[in-house]
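Asker: fold the stuff below for me.
(3 chains)
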Amino acid sequence: MSDYNPGATLEKDGAIAILTMDDVKKRNALSQAVVSDMERHVADIMADDAIRAVVLTGANGTFCAGGDISGFDDMDMPLRRRMPRLQGLAAKIAHSEKPVVSAIEGGAFGGGLSVALLADQVISADNARFCASFAKIGLMPDVGLLATLTARVGIGRAKEICMLAEDVAASDALADGMVDELTAPGQALTRAKEVAAEFAAMGPLAVGYTKAMTMRWPMTLVQELAWEGQLQGVLFSTDDLQEGRAAFFEKRKPAFKGK
Amino acid sequence: MSETDAVSRVDRTQEGAVAVLTVNNVKRRNAFSPEIRAELVAHLNDIEADDATRAIVITGAGGTFSAGGDLSTMQDMTAFEGRNRIRAGRQTVETMARGEKPIVAAVEGFAFGAGLSLALLADWIVAADDAKFCASFGKVGLMGDMGLFWTLPQRVKAGKAKRMLMLADVVAADEALEIGLVEAVAPKSQALSAALQKAQAFAEAAPLPNRLTREALAHFPAGLDDMLAYESQGQGILFTSADTTEGLNAFFEKRKPVFQGN
Amino acid sequence: MSDAAPKTLVEDHGSVRILTINNVKQRNALTMDVKAVFGPALAEAERDPNVRAIVITGAGGTFSAGGDVTLFGDMTPAKGRHVVYRQREFLHTMIRGETPIIAAVEGFAYGAGFGVAMAADHIVAAEDAKFCAAFNKIGLMPDGGLLYTLPQRVGMGRAKEMLMLASVTDGVEAKRLGMVDVLAPSGSALDAALAKAEKFAAAAPLAIGAIKGAFARWPFDLESVFAMEIDAQQALMGTADATEARRAFFAKQKPVFKGA
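Answerer: Reported below is the predicted structural model:
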């Protein structure tokens, strides 16, 4: 235990990066240590062309306990500095153009829920619990939750979840669309890696541009047509499209290279 | 357009006040080619100006809706050529999205790639019980186009929409109904008759308000004040139409209204 | 002879205010005299810091039959636009206010009545409640904010069907589609709404107001939401209620909020 340093670890397994929040005493809250490590690792992931998909998870049987409220009243990372920093991290994850799969055991609360829903796919153990706990401490949801949650569950349910700050069971989270898949307890990471592998097999440019579009939802038709035209235009010029066509005609799996 | 290819690829028939457009290139599974695009747009423009038509059904010949873009026409392109190709498809999107007459899609077989996009440009979709939907673009290293990033999230929530767009999931008819991708499922080979029934209901509705409603919703997602403006301004235009008088009379006389479209 | 009963009944249950549209003979149609009372009653409830949640319902087992069709025969386009334009203030109060609004729907929510229900933050419907954008049947388009609120709750295909075909949706189907949030047995929508309203009323009022205000700005994307958070969160952090909430959280007690 003397070697234990709270923070976040990065493991690379072929084309998949696994980013694990790990601060056992604070249940993986977004502490200074965790956030600093995540910033470093996200930059690494974004710069590494070999990485095609990211799994985001928490150590110690829980995902993330959110904003570090034990730190609220001290000046180590006051809110006015923490918020832009967290938002910056969230923006980097959201605009990374690499697919992200979150794997949740135990629970995701407050900012932890916000981080979990930054992912493109959310895999949860069937005994996990979720809570937009912000209103319980007199705050509003942050780190993008209003946008990500509304897109997933619709405005009626999003209002209820955010205003009442009640616990949501995994089965309800699935039915609402907050999470995408449930697994047996202890299996979320395994399944998340499988889903990440599905993403990793897609054309990295195509999946990256697709993700970029979805991160700008909701958009008007005018915006959609302009951006779709530009991005698809680039994709039409790629080797990956020609590989995709060849694979289709030859009835084999394509091997995309990201160019 | 090839001079040897004089065959119509989008057929129009009329069922009373409903125009039926059938994409017809069965050998290529109704793949969405520049010819089909051009004919579809031409028909839609005719229909928009045709007072006798109140609703549109769109479907595919040969038991399939459309397999999407024609891969055999996608040899090496520059990015600008690619962008221009997409811009050419925009006219279809804009014509369907901004037209003032309601569109019902009848999907048998496959609605893949641009075929999915085309189906989703309709207002109301019925699928045969063995129909399959797929944003197959991703399978070949492309992304969704023809307005798909606008239409899909209007129907399907983000988690499922992302799987469809990023992973090219194939969605079968029963799941399509459950997630809101389509409004109804019909027995195999009966999607068209179900679509005609629905289109007939649209055709019998008061057309002027629906023109204005469809126009307003083409601006989705818009803010509260924008939509309130569409409502008050549109309602103002409608209030002294003959159809409003007819509607009120029918209401007080407890009978079905007969709308003339003026 | 005028009907002496007030066109809006006002009743407080703790910090929950119940506003009941009371025009039973006309199935709670939103006539001029209803609007003259209901609008101000809503605005007053919204302004009152002791009112932490508002329930809107209809008397006589029905929500509202919608606009007053007896007026519609005598319209010019300008007058017609004006009638609808006047809804704006009411809808702004409902949607952009700071107090959560819970609709309790029994019976019919037709036309603008459907609009009022959909403009609430949280909607409780009886299983046999009936929702209908009846406008098209009299040659009109939907108003009451439905072009904004309905596609937020149901898929666009369903929304168009309801808005363009004036189809009738019952409570059960409405719940299935996400059009309403809670389904209640026939006759108990108000009880269920009240129970829910008490939960909203117990929450930190400034946080609730900020959350409601943020949602009112939909459509928003991720970046817009970040901007709203920066503005609101700093202000909320500095409130006595946030301090009280943290204190109560660590002490495992129920917080007592002052709305400051």
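
Asker: show me where the chain has helices.
Answerer: Using chain A. Assigned helices in chain A, in chain order: A:32-47, A:79-94, A:111-116, A:145-153, A:155-164, A:170-176, A:188-200, A:204-214, A:221-236, A:239-249 (criterion: DSSP state H).

Asker: my question was about chain C
Answerer: Listed in chain order, the helices found in chain C under DSSP H are C:32-47, C:77-85, C:87-96, C:112-118, C:146-153, C:156-165, C:171-177, C:189-202, C:205-215, C:222-237, C:240-250.

Asker: okay if I get those helices as JSON lines plus mean neighbour count and mean pLDDT?
Answerer: (Each C-beta comes from the backbone N, C-alpha and C, glycine too.) Supplementary listing: the helices of chain C in JSON lines, determined by neighbours: other CB atoms under 10 Å in any protein chain shown; pLDDT from 0 to 100:
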{"stretch": "helix C:32-47", "mean neighbour count": "17", "mean pLDDT": "95"}
{"stretch": "helix C:77-85", "mean neighbour count": "18", "mean pLDDT": "88"}
{"stretch": "helix C:87-96", "mean neighbour count": "19", "mean pLDDT": "95"}
{"stretch": "helix C:112-118", "mean neighbour count": "29", "mean pLDDT": "98"}
{"stretch": "helix C:146-153", "mean neighbour count": "24", "mean pLDDT": "98"}
{"stretch": "helix C:156-165", "mean neighbour count": "24", "mean pLDDT": "98"}
{"stretch": "helix C:171-177", "mean neighbour count": "19", "mean pLDDT": "98"}
{"stretch": "helix C:189-202", "mean neighbour count": "21", "mean pLDDT": "98"}
{"stretch": "helix C:205-215", "mean neighbour count": "24", "mean pLDDT": "98"}
{"stretch": "helix C:222-237", "mean neighbour count": "18", "mean pLDDT": "93"}
{"stretch": "helix C:240-250", "mean neighbour count": "17", "mean pLDDT": "90"}
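
Asker: which of the helices of chain A sits most buried?
Answerer: Ranked by mean neighbour count, these are led by helix A:111-116 with a mean of 29 (mean count of other CB atoms under 10 Å in any protein chain shown).

Asker: what helices and strands are in contact with that helix?
Answerer: Contacts of helix A:111-116 with other secondary structure elements, assessed using 3 or more CB pairs under 8 Å, 6 or more residues apart in numbering or on different chains; DSSP states H and E, are made with strand A:53-58, helix A:79-94, strand A:100-104, strand A:129-131, helix A:145-153.

Asker: export the helices of chain A to a markdown table and tack on mean pLDDT?
Answerer: As requested, the helices of chain A are arranged in a markdown table below (pLDDT from 0 to 100):
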| stretch | mean pLDDT |
| --- | --- |
| helix A:32-47 | 95 |
| helix A:79-94 | 88 |
| helix A:111-116 | 96 |
| helix A:145-153 | 98 |
| helix A:155-164 | 98 |
| helix A:170-176 | 98 |
| helix A:188-200 | 98 |
| helix A:204-214 | 98 |
| helix A:221-236 | 94 |
| helix A:239-249 | 95 |
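
Asker: so which of those gets nearest C:Ala174?
Answerer: When the helices of chain A are compared for distance to C:Ala174 using CB to CB, the nearest one is helix A:155-164, at 10.7 Å.

Asker: how about residues contacting that closest one?
Answerer: Helix A:155-164 is touched from outside by A:132, A:134-135, A:140-141, A:145-146, A:149-150, A:153, A:166, A:168, A:176, A:178, C:100, C:121-123, C:152-153, C:178, C:180-181, C:199-200, C:203, C:208, C:211-212, C:215, C:218, with contacts defined as CB atoms under 8 Å, 6 or more residues apart in numbering or on different chains.

Asker: state the phi and psi torsions of C:Lys252.
Answerer: In this entry, C:Lys252 is assigned phi and psi values of phi 50, psi 40 (degrees, to the nearest 10).

Asker: domains in the chain, by residue range?
Answerer: Using chain A here. Under the assignment named as automatic domain parsing, the residue ranges that make up the domains of chain A are A:7-200, A:204-249.

Asker: actually it's chain C I care about, not the one you picked
Answerer: In terms of domains, chain C is parsed into C:8-202, C:205-250 (source: automatic domain parsing).

Asker: got the ones you listed as TSV, with distance to A:Gly111 columns?
Answerer: Formatted as TSV, those follow (distance: least, CB to CB, whole Å):
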stretch	distance to A:Gly111
domain C:8-202	23
domain C:205-250	11
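
Asker: which among those is found nearest to chain A?
Answerer: Proximity to chain A, assessed across the domains of chain C by CB to the nearest CB, is greatest for domain C:205-250 (3.4 Å).

Asker: was I right to think A:Pro99 contacts A:Ala196?
Answerer: Yes: if you go by CB atoms under 8 Å, A:Pro99 and A:Ala196 touch, sitting 7.2 Å apart.

Asker: overlap of the contact sets of those two?
Answerer: A:53-54.

Asker: longest helix in chain B, by residue count?
Answerer: The single longest helix within chain B, with elements called by DSSP H, is helix B:79-98.

Asker: what about that one and chain A, any contact?
Answerer: Yes: for helix B:79-98, a contact with chain A is found by CB under 8 Å from any CB of the partner chain, at B:79-87, B:90, B:93-94, B:97.

Asker: circling back: so which of the domains of chain C gets nearest chain B?
Answerer: Chain B sits nearest to domain C:8-202 of all the domains of chain C, at 2.9 Å, using CB to the nearest CB.

Asker: first to last residue in that closest one, what's the distance?
Answerer: 25 Å (CA to CA, to the nearest Å).

Asker: chain center to it: distance?
Answerer: The offset between the C-alpha centroid of domain C:8-202 and the centroid of the whole chain comes to 6 Å, using CA atoms, centre = their mean, to the nearest Å.
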